[in-house]
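1. quick one, structure for this:
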Amino acid sequence: MDRKQQYVGSCLCGEIQYAIDGPIGDLVQCHCQRCRKANGSAYAVNAPIAKADFKLVSGEAYFKRFSSSAGVERCFCSQCGSPIISIKTETPDTYRLRIGTLDTPLEQAPTCHIFVGSKAEWDQISDDLPQYVTRP
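-> Sure, this is the predicted structure:
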């Protein structure tokens, strides 16, 4: 994980603003169908953060949860639809942050591609990062 630092982020409309007072883990590009649908793109860039480090600064009324599959909740802005985090019941102390919502610049880069076995047929992965059919 990255050194301890505070990060801030927000949704597209700015109603939700959050702070992370701690490290952001490895950035992973997920190509699973649920991430594609939740983000409307070829993949989502996610990273683990500690639940205890995540704080909503504003927009609690817009912060909504959707159970996308058994044991997984996706949290998003009900005003603009921006995905913010996902929560898995199997890892209750860790959230998966949607990196695209960060306002603080990151020095780290993605580390791998996961769920490439279910990537979109039109998606072309053209970097040299490790690729995994599911989750390593």
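
2. ok, how many other residues are close to the closest residue to Ala50 other than its chain neighbours?
-> Spatial nearest neighbour of Ala50, excluding adjacent residues (CB to CB, 6 or more residues apart in numbering): Gly22 at 5.3 Å. Using the backbone N, CA and C atoms, a C-beta is placed for each residue, glycine as well. By the criterion of other CB atoms under 10 Å, Gly22 has 18 neighbours.

3. correct me, but Gly22 touches Asp53?
-> Yes. Counting by CB atoms under 8 Å, Gly22 does reach Asp53; the two are 3.3 Å apart.

4. the residue at minimal distance from the centre of the chain pairs with what?
-> With distances taken as CA atoms, centre = their mean, Arg98 lies nearest the centre of the chain, 2.3 Å away. On the basis of DSSP bridges, Arg98 is bridged to Asn46.

5. how close does it sit to Ser126?
-> To Ser126, Arg98 is 22 Å away according to CB to CB, to the nearest Å.

6. contact partners for the residue nearest to Ala50?
-> By CB atoms under 8 Å, 6 or more residues apart in numbering, the residues touching Gly22 are 4-5, 49-50, 52-53.
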